[in-house]
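>>> dropping a prediction and its sequence here:
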Amino acid sequence: MSKPVKIWYVAGQRLCNFDCTYCVSVGDWAKSRRYDWRDPADKDRFVSIVEWIGSRPFEVAVRLGSLGEPFASQTFLAQAGWLTRQRSVRYVELVSNGSLLMRRLPKMEPLANLGKLSLWLTYHDGQTNLDKFIAAAAFAQEEYGCFVVVNALLFPGGTDAIRRVRDAARDAGLRFNVDLGYDPTAPSVAFESDGITAAVPMIRSEPDVVSAVEELGGDAALTRAALVGLTSPQGRACRAGHDYVFIDIHGQVHRCSRYAVLERDCYGNVLDPDFELDLRPQEWVPCAAARGCCNKEDFLNLDVAVTVGLRGGQVPSLGWTDA
């Protein structure tokens, strides 16, 4: 089976029904409790970008991200459903808090191929009931055949909650993952300097964060790769730009989200009628980012991830390693 081009697109959909203090959708990328799209043009842009993705002449695998909660948006779900029905789309992955699944999936079913829908569901302690969260995740997996991952974010003092989520997920036959939580109040320079511990609270409180993740049921190799991306990606071989790209809320295309932040090597904008995605034929090139490759979608393209088996499988997710 040939490998699809992996696309991570973050749309300007902002409506969210949770109030997590650690949410990284802040500043210009902030979520909202009041509106779905900050500007009508944002919705129009989203529809056009999704149509561009779904009309590629080659196979694509899509993580369709948003700034808010995707299942709170009818427009977002309609376009996600349309994508799942396109022949060139292998899967569509949504990142969600899981709270609206039981209400939205039955309505989405007539308009989508839910067997191609992948759900990355993060549990937010204090925002939802764990039993209801797990029941919704199991509902998506068992009733509709969705590929489901239950995710937990590791912060200081949060290990007991993660153990409860881990045990509940395992009892329900669900995949389970642990990611390092980030501090949204940390200055952006923290990702651009040696002060990376300011952005990752768990590193400040637990020197051996890899063992901490592993003890909780997470993937030690994945956490090591995350730390490499955060602290020392520069010069490492990376395949981003070869069979993976990032599209921002404006339609700008970069090899990865870190290059987008650094404003390096923009390929163009998919909304430009003359735009053509010119993927790099060379599989590996050195990364130019000194540090701050903090998103899993990006750092799993580094050689350190490939050599330990974290990338290269055929699982329908840009975050699940299946290692």
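Nice, thanks for sending it over. Residues are numbered from 1 along each chain as shown.
>>> for Ala152, give me its contacts.
Residues near Ala152 by Cβ atoms under 8 Å, 6 or more residues apart in numbering: 122-123, 161-162, 165-166, 176-179, 216. Placement of C-beta: from N, CA and C, glycine included.
>>> surely Gly235 forms part of a helix?
No - membership of Gly235 in a helix is not supported by DSSP: H, G, I helix; E, B strand; the rest coil, which gives coil.
>>> correct me, but it touches Val285?
No - with contacts counted by Cβ atoms under 8 Å, Gly235 stays clear of Val285, the gap being 10.5 Å.
>>> who has more neighbours, those two?
Regarding Gly235 and Val285, a neighbour count based on other Cβ atoms under 10 Å identifies Val285 as having more, with 14 against 11.
>>> so the more buried one makes contact with Cys256?
No - the pair Val285 / Cys256 is not scored as a contact, 11.6 Å apart, by Cβ under 8 Å.
>>> check what pLDDT Ile196 gets.
Looking at Ile196, its pLDDT is 71.
>>> report the separation between it and Asp131.
Going from Ile196 to Asp131 by Cβ to Cβ, to the nearest Å gives 36 Å.
>>> which of those two has more neighbours?
Between Ile196 and Asp131, counting by other Cβ under 10 Å, Ile196 is the more crowded of the two (19 against 9).
>>> that one against Leu230, yeah?
Yes - with contacts counted by Cβ under 8 Å, Ile196 reaches Leu230, the gap being 5.2 Å.
>>> which residues are in contact with each of those two?
In the contact map built from Cβ under 8 Å, 6+ apart, the residues linked to both Ile196 and Leu230 are 291-292.
>>> strands of the chain, start to end?
Applying DSSP state E to the chain gives strands spanning 5-10, 60-65, 89-96, 117-122, 147-154, 175-180, 237-238, 244-247, 252-254, 268-269, 285-286.
>>> out of the ones you listed, which comes closest to Ala186?
Of all the strands of the chain, it is strand 175-180 that lies closest to Ala186, at 12.8 Å by Cβ to Cβ.
>>> run me through the strand neighbours of that closest one, direction for each.
Counting by DSSP bridges, the strands paired with strand 175-180 are strand 147-154 (parallel).
>>> just the mean pLDDT for the strand it pairs with, thanks.
98.
>>> what of stretch 256-267?
On average, stretch 256-267 scores 96.
>>> which residues are contacting it?
By Cβ under 8 Å, 6+ apart, stretch 256-267 touches 8, 10, 191, 233, 238, 240-241, 244-246, 248, 252-255, 277-278, 288-289, 292-295, 297-298, 301.
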